[in-house]
Each structure stands twice: as C-alpha cells, then as structure tokens.
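My questions concern the predicted model and sequence given below.
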Amino acid sequence: MADDKLEIFTKIDQQGIVDGMDALEEGVGDGMEKANKTAEQKSGEFSAIFRNAVDLAGQALQGLADKSKDIFVNMLTAGDEYNQAMNQLSASTGATGEELESLKDIAKGVFANKYGESYEDVANAVADVRKNLGEVSDEELKTVTESAFALRDVFEYDIGESTRAVKAMVENFGISGENAMSLIAAGSQNGLDYSGELLDSISEYSVQFAKLGLGADDMFKIFNSGAENGAWNLDKIGDAVKEFSIRAIDGSTTTAEGFSALGMDADEMALKFANGGESAKTAFQETVSAIVSMEDPVARDAAGVALFGTMWEDLGVEAVASLGRIEGGAYDAENAMNAIKSVKYDDIGNALEGLRRTVGNLTIDAKADFSAGIAGAIGTLVNALNSANVDISVIFAGLV
C-alpha cells in the first residue's frame, strides 16, 4: 500500500516537473518574443532619431553654407559698389594718390553722417562741390557737401545747381562756401524761391550785384525787399540790377540824360561805380532814392527807363525803390543751415541709420580690397583667354 502511494506521488512529481519545464519554456519563449519586439521597436526608434539627427545636421550645414554665401555676396557687392563710386570720383575730378585718398575719406565721412543715398550718391556730390569750388580745405569740402545734401533733402535743390550758386557767391563776394550755403537756406526759408528761380538768379546775377559794391547779404536783402514790393519773379529783380550796372558805366547819351534828370553828373557817377565797394554801393542807393523822389511821374519814368531800361516798367516804382533800401546787419543772422541740419535728421530712424553706416565704414576698405582682388583675378583670366592660341570655345559652349 505504501509502495503504491509512493509510485503515485512519484508520477505526480514527475508530471509536475514536466509541466514546470513546459511552463518555463513557454515563459522563456514569450519573453524572447517580447524582447525581440521591443528590440525591433527600439531599433526603429533609434533609426528614426538617427535619421532626424542627420536631417537636422544637413539643414544646419546647408544654412551655414547659405549664410556663408550671403556673406560672400555681401562683401563682394558692397566692395564693388564702393569701388565703382570711388573710381568715378577719381575719373571726374582727376584725383589720384594721396589726393584721391583724402576725397575717399571725405566721402566716407559724409556718408557716415547720414547724407546721401549711397556711396555713389555721395561721391558724385563730393565731385560736384570739388569741381565748382576748386581747391578748398577738406573740412570745408565735407561741410559744403553735407549742406548741399541738406538743401536737397529739405528744398529738393539739385546738388549741381546749388553748388554752382555757391561758387558764384564765393567768387564774387569773397565769402566761404558754408556761408553761401546758409544764405541759400535762409532765403529759401523766407520764401525767396517763390518763382523757382533762386539758385539761377544767384548764379547769374551775383557778378552784377558785386559790380555795384553790394555784398551777398545785400543781394539777399534786395531779393527779399523786391519780392515783398511787387516783383512777380526773382529774375526781374536780378535783371534790374544787371541793367543798371551796365548802363551806369556805359557812357551813353541816354545814361547821361538819366543822371542829369536826377541832378547828377554821369562821369562822376561812372567813376564811383567803377571804383566798386562802398563807393559804388552808396552811389547806387543815392541814384534809386533820387529817382523815386521825383514828383513828376513822367520825368521819373523817363529817368527810370534811361537807367534801368525796361526793367523799370516791368517792376514798377515800389519794387525799384525797395532795391535801394538796404538795411544793416546780416541777412542770415540765425545761421539757417545749422538749424536745418540739427532738426532735419534728429530722429531715431536717422540715428540708427548713422550707426549702421558708421559700422559699415569700419569694414568697407576690407570689402573693397576683397572685391578688387576678385575683379583683378577675373581680369587676369580674361586676358589669358584673349591671348590663348587655341580654340577654347568648346570649354565655354555650355555657358552660352
């Protein structure tokens, strides 16, 4: 009985072992399957991560390449534009060597101070001022150029025209270019360009005013007074002064009769005008005062026409009378140009633009050298190709 029980338990135990081994095998199998699935999943995830990393790296490298390309293009373009502007400056003024380097420094200074649209614009302006004013100090050349831009920005005056007007005043009245610029600014603010002829009138008639001993301030005061007293355009005022300056010393019978009607001797008056300066200025004022003081309107008109020609009829008594009323003091007492410069460009936008240009000036020489080097290499290549004794057209056929 006992043996039977033992056999039964043995069989049971053996069966348990078998069942346990089967369970273990099954469990290990399930575990391996899960492990394999997990490994495959992780492998896929890792592959995806790796691919993403490669893509991102590629994008970064492409972005770096694009950025490098942009920097290269910017250096080449900025340098070339600067070189073109300075080459034109050299060609138009004939400046080379140290003289050209001085003009370049002036142009860069003007550009950094927020004047002009580009280096080309500034270089052209520097050339205009240089050609019109001749040999002036670097400081005056820079200041006058900046003033020319200020007149353009505020009153839309062409730089060539404004600098020609300045030249006329500098040569005939002996004033500085900056003083002349400021007079133009003051006259424009006071409405003297009402007929659009201020600059032309200055350029044409400065020499005539100077003949009568009148200075630049006197000319602007006369322009102003004539405009306020009926002159319908500025050119008529200048023409009246011109006509008188010619007739006053021409020695003609008509002129002699005109002075005689005023109780004056034509020869004596001609001498006063020929001496110029204060003598001529005083004689001019005395003549105008004598004409307008005549009570007989017919005699007054006859004397007026004899000495001022048809301008007497065009302007009328009041306008001509105003030509002789020259008050003392400076016309541009407030220095209009300095005021314009301090107000026109006083804002955040211009401040930031000035900062950008100043920083740009620090690297423009390097960019210019870089661009010039590339241009030189291209030129060398072109010369080599032109001198080649073989048919090289096939090499570039695909580029055409």
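Looks like it came in fine.

For the stretch 51-200 of the chain, give me the ranges with low pLDDT.
Low-confidence segments of the stretch 51-200 of the chain (pLDDT under 70): 51-76.

Show me where the stretch 251-400 of the chain has its helices.
253-261, 266-275, 277-292, 297-308, 310-315, 317-323, 336-344, 348-387, 393-396 (DSSP state H, counting those that start in this stretch).

Save the ones you listed as JSON lines, and put in mean neighbour count and distance to residue 86 too.
Placement of C-beta: from N, CA and C, glycine included. Below are those laid out as JSON lines (neighbours: other C-beta atoms under 10 Å; distance: least, C-beta to C-beta, whole Å):
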{"stretch": "helix 253-261", "mean neighbour count": "17", "distance to residue 86": "55"}
{"stretch": "helix 266-275", "mean neighbour count": "17", "distance to residue 86": "48"}
{"stretch": "helix 277-292", "mean neighbour count": "18", "distance to residue 86": "44"}
{"stretch": "helix 297-308", "mean neighbour count": "18", "distance to residue 86": "51"}
{"stretch": "helix 310-315", "mean neighbour count": "18", "distance to residue 86": "48"}
{"stretch": "helix 317-323", "mean neighbour count": "21", "distance to residue 86": "47"}
{"stretch": "helix 336-344", "mean neighbour count": "17", "distance to residue 86": "25"}
{"stretch": "helix 348-387", "mean neighbour count": "13", "distance to residue 86": "8"}
{"stretch": "helix 393-396", "mean neighbour count": "9", "distance to residue 86": "32"}
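
could you list every residue that touches residue 261?
294, 299, 302, 303, 306 (C-beta atoms under 8 Å, 6 or more residues apart in numbering).

Could you dump those residues into a markdown table with pLDDT and distance to residue 363 added?
A markdown table is the format used below for those (pLDDT from 0 to 100; distance: C-beta to C-beta, whole Å):
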| residue | pLDDT | distance to residue 363 |
| --- | --- | --- |
| 294 | 92 | 72 |
| 299 | 94 | 75 |
| 302 | 94 | 73 |
| 303 | 94 | 70 |
| 306 | 94 | 68 |
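
Closest to residue 201 out of these?
Here the nearest of the contacts of residue 261 to residue 201, counting by C-beta to C-beta, is residue 306; it sits at 24.4 Å.

how close does the spatially closest residue to the closest one that is not a sequence neighbour get to residue 355?
Counting by C-beta to C-beta, 6 or more residues apart in numbering, residue 306 lies nearest to residue 258, which is 3.0 Å off, once chain neighbours are set aside. Taking C-beta to C-beta, to the nearest Å as the measure, residue 258 falls 64 Å from residue 355.

coming back round to it: what separates the residue nearest to residue 306 from residue 211, distance-wise?
Distance from residue 258 to residue 211, counting by C-beta to C-beta: 18 Å.

still on that earlier bit, want to try TSV for the contacts of residue 261, with distance to residue 278 as columns?
Rendered in TSV, the data for these read as follows (distance: C-beta to C-beta, whole Å):
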residue	distance to residue 278
294	25
299	29
302	29
303	24
306	25
